[in-house]
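Q: just need the structure, nothing else, for what follows:
(chains A, B and C)
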Amino acid sequence: MTQFLAIVSVIFAVLALPATAQDGSWPYGPTLPEATGEPHPEGNEYMRKYHMELMKHDRDITMRDGVRDIDASLKECFDCHTVTDERTGDPVTYKDERHFCRTCHDFVAVKVDCFMCHRSTPEGFDEPQPLHARLLELTNVAEVAQVEQYIASTNAFPDQ
Amino acid sequence: MSPKDNFVLPDQPENPSRRKFFKSGAAAITVTLSPGVTLMAFGGSKVHAAADFNKRWGLLIDVNKCAADCTACVTACKDENGWEGHGDPEQNAQWIRKVTLKDKSTGRESSLPVMCQHCEDPPCVDVCPTGASFKREDGIVLVDKHTCIGCRYCMMACPFKARSFVHEPVNNQKSHAPRGKGTVEGCTLCVHRVDKGGTPACVEACDATGNGAMTFGDLNDPNSEISMKLAAYPSTALRADLDLNQGVRYTNL
Amino acid sequence: MDRTIYREIKATQSVWTLAVILAGLIAVAGWSVLYVEHNGHAVTGMNNQIVWGLPHVFAIILIVAASGALNVASMASVFDKKAYKPLSRLSGILAIALLVGGLGVLVLDLGRPDRLLIAMTVFNFTSIFTWNVLLYTGFIGVVAVYLWVQMDRTVHPKFTKPMGIIAFVWRLVLTTGTGSIFGWLVARPGYDAAIMAPLFISLSFALGLAAFLLVLLLLYRLDDRKIGTALISRMTNLLGVFIAAALYFTIIQHVTNIYVAEHSGFERFILSDGGIYTTLFWWVQIAIGGLLPMALAFGKRPIDATARAVVVSVLVIIGGFAQLYVIIIGGQAYPLDMFPGFEVTSSFYDGEVAGYSPSFFELALGVGGVAVAIFATGVAAKILRILPTNLADKNLSD
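A: Residues are numbered from 1 along each chain as shown, chains lettered A, B, ... in the order given. Below is the predicted model:
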């Protein structure tokens, strides 16, 4: 029993070491992309905890009552919370793991249902179709070039 | 019963400037919503609900003015709402389509657009198990895709085949017209435009061609263009025998 | 009558073989569900014209058979037919198993099956679907209690009849709800009829007893137990009566529809012009599924009562399948008549008879539902005491 406790304490101590970092950072968390624009007046902690409640509430008011002048809609989130790819300058969609929502939601393993229907990038950007959906349609050189460009944009092969 | 019942807004931090229309505090705020009644508690609301129960939006389509080879309304709807499909034509969505008619006894041909008729007594709303198919205060019939489970019962129930099922994964949606695989959709009467005081894309496009077969307006307002036309000329609704009191009417059918 | 001893079946080689085959079918169904969910319903044969396809045919036939399978127990508890008393437990178990199989198929074919929780908590009470959600889940609970009062030795037998009555009434309401899914649709000429509910109730009697007979004979064959020919013949004869009732309601449904001028186009489609639907209606539903099994059931007592029971039951199920295919798919294939007196064409296939070719995924899902039902019944027979050890004729009386 004592041996077991000793091992557990050692493991716990090792895992807890990062908590002693002086700057208060927590190294096991997700790395969230920087946002642009004004911060939320409620603060990040509030938004992290309650963004789903706020969205669910607003969506029903917009859907059923037609109220569209609520301060924040899902598309407005992307005014500040868009992650752009360095190579192409295009915003990344939800399919990319660098997408703002995914950086946190992948970490906590909570499925995001929104983007089955909503777009995950600002309006005006022409989202490319997912690669595997297009593979079977390739018939000409121009499309192959588009595919190459897309592969390059996902940064899967950084050396090329 | 909707998920919004008994919704309690979390307590606000010091600076709730974003949430002007809900007063927060220690008290719980409950917003109850049902098709017909909206309650805003605790100090009232400064927000004017865009779905006004005094209005009833409708369309009037003059079949004589509809050109047989023109599909401007269909193209405009596709562009506005982004439902152009690239799959099997039998599975692609069609929110609006041009129908060609040929009178069996006289041989006379005509054409007209058919879309969701925005019935006053919609069969699709009656049969939806989750209440996702609903009618707004102002008569527009919509699908709440947050609640739609994709059972397609509304598609069985609609006498006008107005609804489509999304058979494939979708991306690059228009931000004002979210649509996704596994849910059902249909003509929204461009509710995103109407709520801001605009007109549906199909009506605009029809006006732009010069045919002017489609009129949009408030059926409850006796001075609106549509009401005056309906008062002056005979009009009918499709499947009038079903007594659904549609918002979409046709003249010269 | 000797006291009935209920015993679990033994796990013999043949039982294991059957279990493995059924598990394989369930696995194929599971894979096909994942495939369809990932790629969308585009990979199936269903489209915007034929909205409900083969999975729904399977699901409805399983649900209708489920409510009918309970009938054997109802005959014993509610109508005091003592000969069926030993069969009550299997009847209840089979009812639950068939219902679970049918519901599984129905739910897994949804566009968003991940939203099942919404379907079970958000209700629109003008929709018969909502009532069905409550009726189906309630049925499982009611039959579970019914089984409990029968099987638990500490519960006094006086509770069996009231529970039996509750279960019987519940199942009638449930089948009414299932028939009303179609009966309350004003849009389509093939539905929109009050008779759909009684029609489905009559179908449930026939399909339920047929399914029960087949499962009973299968389990007794697997476990090498005796079952009396008089009992089998009696049930086969009863099945003939149920087929006659189903045929009666079918005839009334179609003859009435022919009289309604605006529905006569649809009737002409089903009864003569509909290609596959006409073939299925006359040859499979009426002839093979109705008249032939009825003739066999009422005919002279054959040498082998068991073989006759199996043949009659199989024919009834095939006929029921054809009937539901004609109702569900045929009812959708016929175009909506929005413009009476006009020939109609459009890009959305208005005015055209819709084509439907089921995909493998739909068949796999449907068969998987049947496999789940049989598998569940087999597991119940293995771990619970639901099957009497001896159903020989001299052991029973009425």
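Q: got any ranges where chain A has weak pLDDT?
A: A:18-27, A:72, A:131-144, A:157-160 (pLDDT under 70).
Q: around chain B, pick out the residues from it.
A: Neighbours of chain B within chain A, by C-beta under 8 Å from any C-beta of the partner chain: A:40-43, A:46, A:49-50, A:53, A:56-57, A:59-61, A:63-69, A:71-72, A:74-75, A:93, A:95, A:116-119, A:123, A:126-130, A:133. Quick note: C-beta positions are derived from backbone N, CA and C, even for glycine.
Q: narrow those to those in helices?
A: Secondary structure defined by DSSP state H assigns A:46, A:49, A:50, A:53, A:56, A:57, A:59, A:60, A:74, A:75, A:133 of the residues of chain A next to chain B to helices.
Q: isn't residue C:314 up against residue C:213?
A: No: between residue C:314 and residue C:213 there is no contact under C-beta atoms under 8 Å: 9.7 Å.
Q: of those two, who's got more company?
A: residue C:213 (24 against 16; other C-beta atoms under 10 Å in any protein chain shown).
Q: excluding chain neighbours, what is closest to that one?
A: Nearest non-adjacent residue to residue C:213, counting by C-beta to C-beta, 6 or more residues apart in numbering or on different chains: residue C:313, 4.6 Å away.
Q: residue contacts, the one you found?
A: Residue C:313 sits next to C:209, C:210, C:211, C:213, C:214, C:239 when contact means C-beta atoms under 8 Å, 6 or more residues apart in numbering or on different chains.
Q: list the contacts for the second one?
A: So the one you mean is residue C:210. C:65, C:239, C:312, C:313, C:314, C:316, C:317, C:320.
Q: pLDDT score for it?
A: Looking at residue C:210, its pLDDT is 98.
Q: doesn't it lie inside a helix?
A: Yes: Residue C:210: assigned to a helix according to DSSP: H, G, I helix; E, B strand; the rest coil.
Q: in the stretch 1-150 of chain C, which residue sits nearest chain B?
A: residue C:111 (1.8 Å; C-beta to the nearest C-beta).
Q: where do the strands of the stretch 101-250 of chain B begin and end?
A: B:109-115, B:133-135, B:141-143, B:164-165, B:184-185, B:214-218, B:248-251 (DSSP state E, counting those that start in this stretch).
Q: thinking again about what came up before, make sure the residue of the stretch 1-150 of chain C closest to chain B is actually in contact with residue B:180.
A: No: applying C-beta under 8 Å, one finds residue C:111 not in contact with residue B:180, separated by 9.3 Å.
Q: what is in contact with the two at once?
A: residue B:166.
Q: and the gap between the residue nearest to residue C:213 and residue C:202?
A: 16 Å (C-beta to C-beta, to the nearest Å).
Q: please identify which helix or strand holds the residue nearest to residue C:213.
A: helix C:305-325 (DSSP states H and E).
Q: one more: residue B:79?
A: helix B:72-81.
Q: could you list the low-pLDDT ranges of the stretch 1-150 of chain B?
A: B:1-49.
Q: name the residue of it that lies nearest to chain C.
A: For the stretch 1-150 of chain B, C-beta to the nearest C-beta, closest residue to chain C: residue B:150, 1.8 Å.
Q: narrow the contacts of residue C:210 to those that are buried.
A: Buried subset of these (neighbour count, 16 or more other C-beta atoms under 10 Å in any protein chain shown): C:65, C:239, C:312, C:313, C:314, C:316, C:317, C:320.
Q: chain neighbours aside, what residue packs nearest to the residue of the stretch 101-250 of chain B found nearest chain A?
A: Per C-beta to the nearest C-beta, the residue of the stretch 101-250 of chain B with the smallest distance to chain A is residue B:180, at 3.3 Å. Leaving aside its chain neighbours, residue B:180 sits nearest to residue A:117 (3.3 Å; criterion: C-beta to C-beta, 6+ apart).
Q: list the contacts for that neighbour?
A: Contacts of residue A:117 by C-beta under 8 Å, 6+ apart are B:145, B:170, B:173, B:178, B:179, B:180, B:183.
Q: please redo it, this time with the cut-off set to 10 Å
A: B:145-146, B:148, B:166, B:170, B:173, B:177-183, B:185 (C-beta atoms under 10 Å, 6 or more residues apart in numbering or on different chains).
Q: just those now: which is nearest residue B:119?
A: Nearest to residue B:119 among the contacts of residue A:117 is residue B:185, at 16.9 Å by C-beta to C-beta.
Q: surely that closest one touches residue B:81?
A: Yes: contact criterion C-beta atoms under 10 Å: residue B:185 and residue B:81 qualify, at 8.6 Å.
Q: which residues are common contacts for the two?
A: With C-beta under 10 Å, 6+ apart, residue B:185 and residue B:81 have common neighbours B:93, B:95, B:177, B:178, B:179.
Q: neighbours of the second one, how many?
A: The burial metric for residue B:95, expressed as a neighbour count using other C-beta under 10 Å, is 23.
Q: which pair of the contacts of residue C:210 spans the longest distance?
A: The span of the contacts of residue C:210, defined through C-beta to C-beta, is set by C:65 and C:312 at 15.0 Å.
Q: longest helix of chain C?
A: In chain C, taking DSSP H as the definition, the longest helix is helix C:229-259.
Q: report all helices and strands that that one contacts.
A: When contacts are defined as 3 or more C-beta pairs under 10 Å, 6 or more residues apart in numbering or on different chains; DSSP states H and E, helix C:229-259 packs onto helix C:71-77, helix C:196-222, helix C:264-268, helix C:292-298, helix C:305-325.
Q: buried residues, the second one. List them.
A: In this case it means helix C:196-222. Applying 16+ other C-beta under 10 Å to helix C:196-222 flags C:196-220, C:222 as buried.
Q: ok, the residue nearest to the spatial centre of chain B - contacts?
A: Geometric centre of chain B, nearest residue: residue B:188, 2.7 Å, by C-alpha atoms, centre = their mean. Residue B:188 is in contact with B:77, B:80-81, B:95, B:115-116, B:118, B:136, B:140-143, B:176-177, B:194, B:200, counting by C-beta under 10 Å, 6+ apart.
Q: let's see 7 Å
A: Applying C-beta atoms under 7 Å, 6 or more residues apart in numbering or on different chains to residue B:188 gives the contacts B:140, B:142.
Q: before we move on, what about residue C:40?
A: Per C-beta under 7 Å, 6+ apart, neighbours of residue C:40: B:167, B:168, B:169, B:181, B:182.
Q: distance of it from residue C:225?
A: 48 Å.
Q: with residue C:89 instead?
A: With C-beta to C-beta as the criterion, residue C:89 and residue C:225 are 14 Å apart.
Q: can you give me the helices for chain B?
A: B:72-81, B:123-127, B:153-157, B:191-194, B:201-209, B:225-232.
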